[in-house]
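**Q** Here is a sequence with its predicted model. Questions after.
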Amino acid sequence: MGRLSRRAFALAAAATLSGFATAGDAAADTNRPRAAGEMRGMWLATVSNRDWPSRTGLTAAQQRTELLAHLDTAVRRRLNAVMLQVRPTADALWPSSYEPWSQYLTGVQGRNPGWDPLGTAVTEAHARGLELHAWFNPYRIANHTDPTRLVANHPAREHPGWVVPYGGKLYYNPGLPQVRAFVQDAMLDALRKYAIDAVHWDDYFYPYPVAGQVFDDDAAYAAYGAGFPDRAAWRRDNIDRLVLETAARIKQIRPTARFGISPFGVWRNAATDPLGSPTQAGVETYDDLHADTRKWVREHWIDYICPQLYWNIGLAAADYAKLVPWWAKTAEGTGVGLYVGEALYKAGDSAQPAAWQDPAELSRHLTLAARYPEVKGHVFFAAKEVGADRIGAMARVVADHY
């Protein structure tokens, strides 16, 4: 891999908050909890009001009450970490120096909700002995393709050349160095301002393939793709650079903060690559999302990996019982924490295979994973199901393992 640009390192945000209570300020870093040995986490999704807030337009007090209820649920379920989605669509759940307030708070992008959700979440999570991992989506701008629906001063409207419409959504172009620098600044603004325990990404790098559509990065490839054997290699290098640069900046800003990524659970199938997993998945992160997740672990670019192993034991195409040992072998000897992402949302869903109608399926996952010392814990998707627990699968996990 070529020499990395230093531009990203020189663009550190210096802006300060004004007019907001900052009890979660990064200076208040002395009482941060640590997940003792085993990670027991849950994702708290805000995109499209999936978990929280329950709908747009709630008062600040109502939003706060719902947020604290989710944190209390985590404690009741004997969890010790919450992955809160704070930048779902190139927006912010804190007073950002770079991006507008999220529409999922008030219903209107850019409208001040009258309180500081991330600052409150950090303070209240830590008060409950919970880690707070701030979950960011690096490149997704909107779940539609109309830039005029974005607030007038949105960076995507001010820099239309940064934007690629694809699959009914808008994305920042990962192939542009200025985009890579900007999205880092936008995400790490939160790390500078709050004592978050980790920067957390999910599985969206280059977008998931959409049949019959092309992600149009021709101009960027023409400008920056020289020296690579093909476009796929160049795209992977773009994502590698994002990971490496972000990792370095996190350690510059606060060495105690961790950097974790939760990718789709299949790096490559063994039929594609002998190093791959014994799966027949329709998506492979290396080839389709241009995310070399195995490399990031093997070369210890990140602090933890949380692959989304959202399949039941025995599923032919992607067997949980085969993927756990593959990821354990990948993490072995690296020092990178391995947490398994668990599909609690599938438990009791009648559209899912029969295995997911059994309340004991998830508990069996934890029993199986316990055979592999590299597995240091589990994270459950998502908060709504952790609370509602449709068929008692989460209660079974708690009773059997926590």
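**A** In hand now; what should we look at?

**Q** my read is Ala248 is in a strand, agree?
**A** No: when the secondary structure is assigned by DSSP: H, G, I helix; E, B strand; the rest coil, Ala248 falls in helix instead of a strand.

**Q** can you give me the strands for the stretch 51-200 of the chain?
**A** In order along the chain, the stretch 51-200 of the chain carries the following strands (DSSP state E, counting those that start in this stretch): 81-87, 131-136, 140-142, 163-166, 169-172, 198-201.

**Q** need those strands in a markdown table with distance to Gly341, mean pLDDT and mean neighbour count, can you?
**A** Backbone N, C-alpha and C define where each C-beta goes, glycine included. Supplementary listing: the strands of the stretch 51-200 of the chain in a markdown table, determined by distance: least, C-beta to C-beta, whole Å; pLDDT from 0 to 100; neighbours: other C-beta atoms under 10 Å:
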| stretch | distance to Gly341 | mean pLDDT | mean neighbour count |
| --- | --- | --- | --- |
| strand 81-87 | 10 | 98 | 27 |
| strand 131-136 | 12 | 98 | 26 |
| strand 140-142 | 19 | 98 | 22 |
| strand 163-166 | 25 | 98 | 20 |
| strand 169-172 | 22 | 98 | 23 |
| strand 198-201 | 11 | 98 | 24 |
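
**Q** list the contacts for the residue nearest to Gln357 when sequence neighbours are not counted?
**A** For Gln357, the nearest residue in space outside its immediate sequence neighbours is Gly348; the separation is 6.5 Å by C-beta to C-beta, 6 or more residues apart in numbering. By C-beta atoms under 8 Å, 6 or more residues apart in numbering, the contact set of Gly348 is Trp356, Gln357, Pro359, Arg390, Ile391, Ala393.

**Q** Out of these, name the ones that lie in strands.
**A** Among the contacts of Gly348, the subset assigned to strands under DSSP state E is empty.

**Q** re earlier: can the strands of the stretch 51-200 of the chain go into CSV with extra columns for distance to His300?
**A** Output for those, formatted as CSV (distance: least, C-beta to C-beta, whole Å):
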stretch, distance to His300
strand 81-87, 21
strand 131-136, 19
strand 140-142, 27
strand 163-166, 31
strand 169-172, 27
strand 198-201, 16
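
**Q** sorry, back to before: filter the contacts of Gly348 down to the buried ones, ChimeraX style.
**A** What follows is the ChimeraX syntax selecting those of the contacts of Gly348 that are buried according to 16 or more other C-beta atoms under 10 Å:
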select :356,359,391,393
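
**Q** Restricted to helices, list the contacts of Gly348.
**A** Assignment to helices by DSSP state H places the following of the contacts of Gly348 there: Ala393.

**Q** ok, the contacts of Gly348 vs Gln63, which is closest?
**A** Ranking the contacts of Gly348 by separation from Gln63, with C-beta to C-beta as the measure, puts Arg390 on top at 24.7 Å.

**Q** My guess is that closest one contacts Ala347. True?
**A** Yes: under the criterion of C-beta atoms under 8 Å, Arg390 makes contact with Ala347 at 6.2 Å.

**Q** if you skip the residues just before and after it, what's nearest to Arg364?
**A** By the measure of C-beta to C-beta, 6+ apart, the closest residue to Arg364 outside its immediate chain neighbours is Ile313, 6.1 Å from it.

**Q** can you tell me how far the one you found sits from Gly282?
**A** Counting by C-beta to C-beta, to the nearest Å, the separation of Ile313 from Gly282 is 20 Å.

**Q** where exactly do the helices run in the chain?
**A** Taking DSSP H as the criterion, the chain contains helices spanning 60-76, 103-106, 117-127, 155-158, 177-193, 218-224, 231-253, 293-298, 320-331, 361-369, 383-388, 393-401.

**Q** is it possible to export these to TSV including distance to Val266 and mean pLDDT?
**A** TSV is the format used below for the helices of the chain (distance: least, C-beta to C-beta, whole Å; pLDDT from 0 to 100):
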stretch	distance to Val266	mean pLDDT
helix 60-76	28	98
helix 103-106	30	98
helix 117-127	31	98
helix 155-158	31	98
helix 177-193	25	98
helix 218-224	26	98
helix 231-253	16	98
helix 293-298	9	98
helix 320-331	7	98
helix 361-369	17	98
helix 383-388	23	98
helix 393-401	23	98
